[in-house]
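[1] no FASTA, just this:
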């Protein structure tokens, strides 16, 4: 059992925090690379009713899961029977709770067989033996991601195959029958020449919104363009933002593009999406214009009639994404959340940047049509090569940000750096 560490008591190596922020500490985790904190953890945190769950690798690369009552001062942890190759930052842990209260876990993937289990009963931290899902194309899994539909059923996305020639897979879980079925096999298809790197959001109506960049090769610099598709029937059929139906599979030639972005623009992959009350999609990313070598955070959104792009940051530090493997990058990939406040759409970009001394930071715009963004640091000390992930259920139900935070390192090109295990924490911020 681990007691809550409040704003008034700090752990060794833990980030000190800003006003109006609380931090709870679950335990200590692997920190020699960014595997516990990459942005494409869907999810690092998840909640069912009043219980919140967390997952991470410990210093021995064992899979640890934990739970607490929201607002509680205590975490309960379980070191599971499973472990992963934490030295590879691709090999993340993703968790979700379904509508019946079962916890689902998938972990340790980089082009290898599916690793999936769920809790033996609702509310339990004891996991089953490894389970198959559909049994189809589950031998070369990368980027496992869970999403919960409004009816309590689940979606599971992953890449089948390798960077540059992989296919995107979509499975559906019925929480009542406890059965997985395959919904799509390569419906956003690189035709063996490229891979989609995606982000997904589900709006309050249950519409699935997908956006993605294409990558032509394992070289990160070959990322280009921002495609878009949505589904109103659980992923079976797909359409453009105009309502025009796609003929599947969606390819480079047939995709709708929210924005055309050329290769070698320092366009990052695997970022984030959110939706407002009307079901309009918002995409966060970063890239540079052809006239500069400085990447900037940006938001792409659809106002119901057209796609609009806003530059969010005013950065001054150049860098290049060229190369393979997980990069040591001076800025994190951005997480975005939006909500409707006083008749306007409020957007919040969550990030880490060397220009702000690698703190947990947010940029907030209370009315996106006004394009006025204010910056706030949520920690006063650095979190290393951390990237943001958050509890979607708490954001949707309470309008609070619960961020998974751990100070981590990352060597360039999938290497590690010597650092002691660090506190694994949840940062709580009530958004004004």
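    Received, thanks. Here the structure is a predicted model, which means the values were calculated and not measured. Residues are numbered from 1 along each chain as shown.
[2] Tell me where the model's unsure across the chain.
    Along the chain, segments meeting pLDDT under 70 span 1-18, 164, 323-327, 413.
[3] same thing but at 80, please
    1-19, 73, 162-166, 323-328, 411-415, 432 (pLDDT under 80).
[4] Kindly state the beta-bridge partners for the closest residue to residue 131 other than its chain neighbours.
    Nearest non-adjacent residue to residue 131, counting by CB to CB, 6 or more residues apart in numbering: residue 116, 5.4 Å away. Where you see a C-beta, it was placed from the backbone N, CA and C, and this is true even at glycine. Judged by DSSP bridges, the bridge partners of residue 116 are residue 106.
[5] Residue 201 belongs to a strand, doesn't it?
    Yes: assessed with DSSP: H, G, I helix; E, B strand; the rest coil, residue 201 lies in a strand.
[6] how about the strands in the stretch 101-250 of the chain?
    Applying DSSP state E, counting those that start in this stretch to the stretch 101-250 of the chain gives strands spanning 103-107, 116-118, 141-148, 154-160, 167-174, 179-189, 195-202, 208-215, 223-231.
[7] a markdown table for those strands, including mean neighbour count?
    Output for those, formatted as a markdown table (neighbours: other CB atoms under 10 Å):
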| stretch | mean neighbour count |
| --- | --- |
| strand 103-107 | 24 |
| strand 116-118 | 21 |
| strand 141-148 | 22 |
| strand 154-160 | 22 |
| strand 167-174 | 22 |
| strand 179-189 | 18 |
| strand 195-202 | 23 |
| strand 208-215 | 24 |
| strand 223-231 | 22 |
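[8] And those: which comes nearest residue 89?
    strand 141-148 (11.7 Å; CB to CB).
[9] Residues in contact with the closest one: which ones?
    For strand 141-148, the surrounding residues in contact (CB atoms under 8 Å, 6 or more residues apart in numbering) are 40, 42-43, 46, 90, 92, 94-99, 104, 106-107, 109-116, 154-160, 162, 166, 200, 202, 208, 270, 392-393.
[10] related to what we said a few turns ago, could you export the strands of the stretch 101-250 of the chain to CSV, including columns for distance to residue 380?
    Listed next are the strands of the stretch 101-250 of the chain as CSV, based on distance: least, CB to CB, whole Å:
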stretch, distance to residue 380
strand 103-107, 32
strand 116-118, 38
strand 141-148, 32
strand 154-160, 36
strand 167-174, 40
strand 179-189, 41
strand 195-202, 30
strand 208-215, 34
strand 223-231, 33
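[11] For residue 333, which of the ones you listed is the nearest?
    Among those, strand 195-202 comes nearest to residue 333, with 9.6 Å by CB to CB.
[12] tilt between the closest one and strand 167-174?
    30 degrees (axes from the mean of the first three to the mean of the last three CA atoms, to 10 degrees).
[13] which residues sit against strand 195-202?
    Against strand 195-202 from outside (CB under 8 Å, 6+ apart): 42, 145, 147-150, 155, 157, 159, 161-166, 168, 188, 190, 208-215, 223, 227, 269-275, 281, 283.
[14] how does it look with 7 Å?
    147, 149, 157, 159, 163-166, 168, 188, 190, 208-215, 269-275, 281, 283 (CB atoms under 7 Å, 6 or more residues apart in numbering).
[15] next one: stretch 355-370
    312, 315-317, 341, 344-353, 372-384, 403, 405, 427.
[16] For stretch 27-39, measure first residue to last.
    End-to-end distance for stretch 27-39, by CA to CA, to the nearest Å: 20 Å.
[17] Check what contacts it and list those residues.
    Counting by CB under 7 Å, 6+ apart, 2, 56-59, 61, 64, 77, 86-87, 89, 91-92, 270-272, 326, 332-333, 335, 385-389, 404, 406-411, 416-419, 421-424 sit against stretch 27-39.
[18] What about these, which are in strands?
    Among the contacts of stretch 27-39, the members found in strands (DSSP state E) are 2, 56-57, 64, 77, 272, 335, 404, 422-424.
[19] List the pairing partners of the helix or strand containing residue 346 within its sheet, with orientation.
    Assigned by DSSP states H and E, residue 346 belongs to strand 344-351. Strand 344-351 has the following strand partners under DSSP bridges: strand 335-341 (antiparallel), strand 361-365 (antiparallel).
[20] so can I have JSON lines of those showing mean neighbour count and distance to residue 32?
    Shown next, in JSON lines, are those (neighbours: other CB atoms under 10 Å; distance: least, CB to CB, whole Å):
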{"stretch": "strand 335-341", "mean neighbour count": "20", "distance to residue 32": "23"}
{"stretch": "strand 361-365", "mean neighbour count": "20", "distance to residue 32": "24"}
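[21] Now those strands in TSV, please, with extra columns for distance to residue 177.
    Output for the strands paired with strand 344-351, formatted as TSV (distance: least, CB to CB, whole Å):
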stretch	distance to residue 177
strand 335-341	32
strand 361-365	41
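[22] Would you mark the buried spots in stretch 386-405?
    For stretch 386-405, the neighbour count (16 or more other CB atoms under 10 Å) marks 386-395, 401-405 as buried.
[23] To clarify, my last question referred to stretch 258-270.
    Here stretch 258-270 shows 258-259, 261, 264-270 as buried, counting by 16+ other CB under 10 Å.
[24] what's the span of that stretch, first residue to last?
    Chord length of stretch 258-270, first to last residue, is 16 Å (CA to CA).
[25] picking up where we left off before, can you name the residues that contact the residue nearest to residue 131?
    106, 130-131, 133.
[26] Which other helices and strands does whatever helix or strand residue 52 lives in contact?
    Element membership for residue 52, per DSSP H and E: strand 51-57. For strand 51-57, the elements it packs on are strand 21-29, strand 45-48, strand 62-69, strand 93-97, judged by 3 or more CB pairs under 7 Å, 6 or more residues apart in numbering; DSSP states H and E.
[27] List the neighbouring strands of it plus their orientation.
    Looking at strand 51-57 with DSSP bridges, its partner strands are strand 45-48 (antiparallel), strand 62-69 (antiparallel).
[28] Dump those strands to JSON lines, plus distance to residue 21 and mean neighbour count.
    Output for the strands paired with strand 51-57, formatted as JSON lines (distance: least, CB to CB, whole Å; neighbours: other CB atoms under 10 Å):
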{"stretch": "strand 45-48", "distance to residue 21": "16", "mean neighbour count": "22"}
{"stretch": "strand 62-69", "distance to residue 21": "17", "mean neighbour count": "20"}
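[29] Tell me which of these sits nearest to residue 249.
    Here strand 45-48 is closest among the strands paired with strand 51-57 (CB to CB), at 30.3 Å.
[30] now the closest one, how far from the chain's geometric center?
    Relative to its parent chain, strand 45-48 has a centroid offset of 14 Å by CA atoms, centre = their mean, to the nearest Å.
[31] Alright, that wraps it up for me.
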